[in-house]
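*Asks:* 3D model of this:
(one chain, ligands or ions: 2)
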Amino acid sequence: MIHLGINVDHIATVRQARRTYEPDPVIAAALAEQGGADAITFHLREDRRHIQERDVEMLMRTVTVKTNFELACAPEVVAIACQWKPDCGLLVPESREEVTTEGGLNCTGDTSRIGEAITRLKDAGISVSLFIDPDVAQVEAAAALGADSVELHTGPYALAKGAKLDEELGRLAKAGDVAASAGMQLHAGHGLNYQNVRPVAALKNIHELNIGHSIVSRAVMVGMRDAVAEMRRILDLFV
Ligand SMILES: CC(=O)[C@@H](O)[C@H](O)COP(=O)(O)O
Ligand SMILES: NCC(=O)COP(=O)(O)O
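*Replies:* Residues are numbered from 1 along each chain as shown. Ligands and ions are numbered 1, 2, ... in the order given. Next up, the predicted model:
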C-alpha cells in the first residue's frame, strides 16, 4: 500500500492572506485523516509565509497519523523540530525569493550543514528524510549522510511534456532503484496531482507520496475529506 502524506501548507496560505484564524490547517489535517491520509506534512518555513509555530504545536498535539515536519537546515527551525519530535523531519532547501521549493538539497556539496541538521534530528529520535533531485549522485550522497529515507523531487516530472516526461520518469525510476538498494525508504513529492500521480505511484519500491497543493485546490471545491479520499482511491489501485 502506498502511504499518502497530505501537506496542509496551503490551507495556511489562505489563512495568512488575511492574517486571520481560518481556514485552520489543524482542522484540515483532521479531515485529511478522515479521508484516508497516512501522514500529515507541514513546512515551517524560515519566512513563516504559511505554517506558523502555533500550527506546529497544535498539529503535534492532534494528528494521530505520521507527522512529517518539513524544514530547512536552519538551526532555529531544527530546534523547534527537536522540541516537538515529529515522526519524521524532511529537510528541504529554502530561499525567500522562491514561490515554492525549486530544487532538491545539495547533498554532494552542502554536507556539513545537512549533516549537522541530521545529527540533531536523529539525536532527538526523529527519522530523517532528505528532499533531493532524482539524481543517482544525490541519492548516494543522501545515503552516505545517514538519511533514513529520501523524497524524490517530482517537480520536473510534473512540468514535463512528451519525451521529456518519459525522461523524467526514467530518472525517478533509476534514483528510486538506487535508494532502495541503499536501504532507504523511497518517498516522492512536489507538483503531483490527480492527473499525473499514477506513473509515480507505479514506481517500484515507492513507499510514500506527499501531496499538498493539488489536493488543497480540490478541497476548496469539494472539501478536504473528499479531496483526500479521491486521491486515496487512486493510490489504492497500486498495491
Ligand atoms: C518540498 C516540497 O515540495 C513541499 O513539501 C514544500 O512544502 C513546498 O513549499 P511550499 O509548501 O511553501 O509551496
Ligand atoms: N514534499 C512535497 C509536499 O509535501 C507537497 O508538495 P505539493 O504537492 O504541495 O507540490
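
*Asks:* what does whichever strand or helix holds Gly5 rub up against?
*Replies:* Here Gly5 sits within strand 3-7, counting by DSSP states H and E. The contact list for strand 3-7, computed with CB atoms under 8 Å, 6 or more residues apart in numbering, reads 29, 32, 36-43, 66, 68, 70, 187, 189, 207-213, 215-216, 228, 231-232, 235. All C-beta spots, glycine's among them, are computed from the backbone N, C-alpha and C.

*Asks:* before we move on, what SS does Val128 have?
*Replies:* strand (DSSP: H, G, I helix; E, B strand; the rest coil).

*Asks:* for it, give me its contacts.
*Replies:* 88-89, 91, 118, 121-122, 146-149.

*Asks:* derive a ChimeraX selection command for the buried subset of those residues.
*Replies:* In ChimeraX, this line selects whichever of the contacts of Val128 come out buried by 16 or more other CB atoms under 10 Å:
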select :88,89,91,118,121,147,148,149
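
*Asks:* ok, His10 - contacts?
*Replies:* Here His10 is in contact with 50, 212-213, 216-217 (criterion: CB under 8 Å, 6+ apart).

*Asks:* my bad, should have said Leu192
*Replies:* 154, 158, 200, 209, 211, 214.

*Asks:* buried by neighbour count: which residues of the helix or strand just after the strand holding Gly5 qualify?
*Replies:* Using DSSP H and E, the helix or strand that follows strand 3-7 in sequence is helix 9-16. In terms of neighbour count (16+ other CB under 10 Å), helix 9-16 has its buried residues at 9-15.

*Asks:* want to throw those residues into JSON lines with distance to Glu168 and pLDDT?
*Replies:* Shown next, in JSON lines, are the buried residues of helix 9-16 (distance: CB to CB, whole Å; pLDDT from 0 to 100):
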{"residue": "Asp9", "distance to Glu168": "23", "pLDDT": "98"}
{"residue": "His10", "distance to Glu168": "24", "pLDDT": "98"}
{"residue": "Ile11", "distance to Glu168": "28", "pLDDT": "98"}
{"residue": "Ala12", "distance to Glu168": "29", "pLDDT": "98"}
{"residue": "Thr13", "distance to Glu168": "26", "pLDDT": "98"}
{"residue": "Val14", "distance to Glu168": "30", "pLDDT": "98"}
{"residue": "Arg15", "distance to Glu168": "33", "pLDDT": "98"}
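
*Asks:* could you dump those into a markdown table with distance to ligand 2 added?
*Replies:* Listed next are the buried residues of helix 9-16 as a markdown table, based on distance: CB to the nearest ligand atom, whole Å:
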| residue | distance to ligand 2 |
| --- | --- |
| Asp9 | 7 |
| His10 | 7 |
| Ile11 | 11 |
| Ala12 | 12 |
| Thr13 | 10 |
| Val14 | 14 |
| Arg15 | 16 |
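
*Asks:* among those, which are within reach of ligand 1?
*Replies:* For ligand 1, the contacts drawn from the buried residues of helix 9-16 by CB under 6 Å from any ligand atom are Asp9.

*Asks:* what separates the residue nearest the centre of the chain from Ala144, distance-wise?
*Replies:* For the chain, the residue nearest the mean C-alpha position is Asn210 (4.6 Å; CA atoms, centre = their mean). Look at Asn210 and Ala144: by CB to CB, to the nearest Å, they are 23 Å apart.

*Asks:* name the helices or strands packed onto the helix or strand where Thr41 lies?
*Replies:* Secondary structure from DSSP H and E places Thr41 in strand 39-43. If contacts are counted by 3 or more CB pairs under 8 Å, 6 or more residues apart in numbering; DSSP states H and E, strand 39-43 sits against strand 3-7, helix 9-16, helix 25-35, helix 53-62, strand 66-71, strand 206-211.
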